[in-house]
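Visitor: All I have is the shape, not the residue letters:
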């Protein structure tokens, strides 16, 4: 895919964000045509913004005593990509940015739904973008949370996460005839620790219970969970306890981070796409390299892709600061 | 629909509280945010941004009587934890080159929200936004959305700290944070301090005062200062009518809100 010459894309985050956006740009234009530019908005999630250009600028300043002439803090800023997309695509509704670390683009769904429920928008582009940066890669190593080999969420031999990068977008529309629907959202805080999850998964369980209640669903209605599943020792045990408590131990649970790595601020939107693809295809992917299973983890972890009759699915996202969100998606409007 | 302002808080270096920040001159007090009620172990390794957000959140909660354990909270900052980001880059090129895990866990944009939820035992909903020059407008947009959606109260906290070297070579402003508790209803003991209504892309009809603390005119959250001043005026001048205050713009997106009694 080629990048455009006429759109400023000064950072890797901008470029990844643009490449992802190109895939949904046609649907966004269609929404603008039907609703009007003022009635279409966007909420984009990112954990780090364009930090990689500030990293390079800082190292050059250490070497030479001067910042690069082309460096701009505005390009690093969290909101820069969303403004670029708004300017290029032509929607004119509110365009905001959520940054709650690894839950950022899942939380963007909540902000987007508020824009629609408040009557400010009829369609909202929801997205998430993050690019690899020294700060995050080395930071997760400092916490001994990163694996040097491909991550294996929920496996008894898991060694941690892999930092990934990328972009994902979805278009929410009012009263649309759509392949799937945002049925419910549950948000909670662990209120316990900045970087470690509640070992009992209480905050995660609360988010799932709130999402079910918001959607008017029972635990037995959920056919599949796209787990946060980072592959770290503590997250996976805490999340599995939460899922077991809320949904029981027979609902299939998959961490698609075994395919993508942990895309940080882009993870929530990316995993929402996986969850929606499962609904559309009536299919559940496999957990990669999950065997041997961890005896502390008792939830159902498919080791092979399988066909499944899915009506409702959950997608979990958790983050530093104890920030939790669970999204419920359904095949039909509720 | 109008929302009641139940309390507000503010902090700048040597300017503590709304009255201190709005005062003509800085005082000698308050070089650091007052963290009473926040465990020192929790605050260790946090930035000035997180500390001043914690302080102003507590001021607004205290002024409103709202419960920090249950209130939904919207935090917003244009640049977030840039000082910690630069600290981490410095660590990479000095000593053993390793990042401190204690700094890394406090480097995320939602550190202030996380610290708030832990300190207040808030297991509900918090979020963290960044909107460049629209940071304050988008924080209010989110807060209004929470109230529109049935929430009874919401805490809004905005702030940015001064930039570290070498970024300060490009631009600079003083550290500043402000907070508000907004509610659907007036407080039990009488009238609200002010009411906010009509958050929209309507031209403002209130010129902002030219006089500001030094350097604050460059601050990404400066609309928060003007909002705080307008609320303070509405509270003191009960007979004054509602005035529409600009909350900033970015390309052709702009926001204003009406402030009155």
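Guide: Right, received. Where do you want to start? No experiment lies behind these values; they were computed from the predicted model shown.

Visitor: Residue A:233: what's it in contact with?
Guide: A:158, A:160 (C-beta atoms under 8 Å, 6 or more residues apart in numbering or on different chains). Every residue, glycine included, has its C-beta placed from N, CA and C.

Visitor: For it, grab phi and psi.
Guide: phi -60, psi -50 (degrees, to the nearest 10).

Visitor: neighbours around residue A:144, how many?
Guide: 12 (other C-beta atoms under 10 Å in any protein chain shown).

Visitor: Need the per-residue pLDDT for it.
Guide: Looking at residue A:144, its pLDDT stands at 93.

Visitor: Ok, the one 10 residues further on next?
Guide: For residue A:154, the pLDDT comes out at 98.

Visitor: Touching, it and residue A:229? I think so.
Guide: Yes: Residue A:154 sits in contact with residue A:229 when judged by C-beta atoms under 8 Å, with a separation of 6.1 Å.

Visitor: which residues do those two both contact?
Guide: Taking C-beta under 8 Å, 6+ apart as the criterion, residue A:154 and residue A:229 both touch A:236, A:253, A:255.

Visitor: Which one of those residues is nearest to chain B?
Guide: Nearest to chain B among those: residue A:236, at 18.9 Å, using C-beta to the nearest C-beta.

Visitor: Could you report the pLDDT at that closest one?
Guide: 98.

Visitor: so it sits in a helix?
Guide: Yes: under DSSP: H, G, I helix; E, B strand; the rest coil, residue A:236 falls within a helix.

Visitor: State the number of residues packed around it.
Guide: 25.

Visitor: right, and it touches residue A:230 too?
Guide: Yes: proximity of residue A:236 to residue A:230 meets the contact threshold set by C-beta under 8 Å, at 7.0 Å.

Visitor: Identify the contacts common to those two.
Guide: In contact with both residue A:236 and residue A:230: A:153, A:255, using C-beta under 8 Å, 6+ apart.

Visitor: Tell me how many other residues crowd the residue in the stretch 51-200 of chain A positioned nearest to chain B.
Guide: Residue nearest to chain B within the stretch 51-200 of chain A (C-beta to the nearest C-beta): residue A:114, separated by 3.1 Å. For residue A:114, the neighbour count with other C-beta under 10 Å is 25.

Visitor: And it, which helix or strand is it part of?
Guide: Using DSSP states H and E, residue A:114 sits within helix A:104-117.

Visitor: distance of the residue of the stretch 101-250 of chain B found nearest chain A from residue A:243?
Guide: Nearest residue of the stretch 101-250 of chain B to chain A (C-beta to the nearest C-beta) works out as residue B:114 at 2.4 Å. Distance of residue B:114 to residue A:243, given as C-beta to C-beta, to the nearest Å: 23 Å.

Visitor: between these two, who's got more neighbours?
Guide: Using other C-beta under 10 Å, the more surrounded residue of residue B:114 and residue A:243 is residue B:114, with 32 against 27.

Visitor: ok, and the closest non-adjacent residue to that one?
Guide: residue A:321 (2.4 Å; C-beta to C-beta, 6 or more residues apart in numbering or on different chains).

Visitor: Provide a list of residues in contact with that neighbour.
Guide: Counting by C-beta under 8 Å, 6+ apart, residue A:321 has contacts A:100, A:101, A:189, A:194, B:108, B:110, B:111, B:113, B:114, B:115, B:117, B:126.

Visitor: Next, format the residues you listed as JSON lines and append distance to residue B:178.
Guide: As requested, the contacts of residue A:321 are exported to JSON lines (distance: C-beta to C-beta, whole Å):
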{"residue": "A:100", "distance to residue B:178": "21"}
{"residue": "A:101", "distance to residue B:178": "24"}
{"residue": "A:189", "distance to residue B:178": "22"}
{"residue": "A:194", "distance to residue B:178": "24"}
{"residue": "B:108", "distance to residue B:178": "22"}
{"residue": "B:110", "distance to residue B:178": "18"}
{"residue": "B:111", "distance to residue B:178": "18"}
{"residue": "B:113", "distance to residue B:178": "16"}
{"residue": "B:114", "distance to residue B:178": "20"}
{"residue": "B:115", "distance to residue B:178": "17"}
{"residue": "B:117", "distance to residue B:178": "20"}
{"residue": "B:126", "distance to residue B:178": "17"}
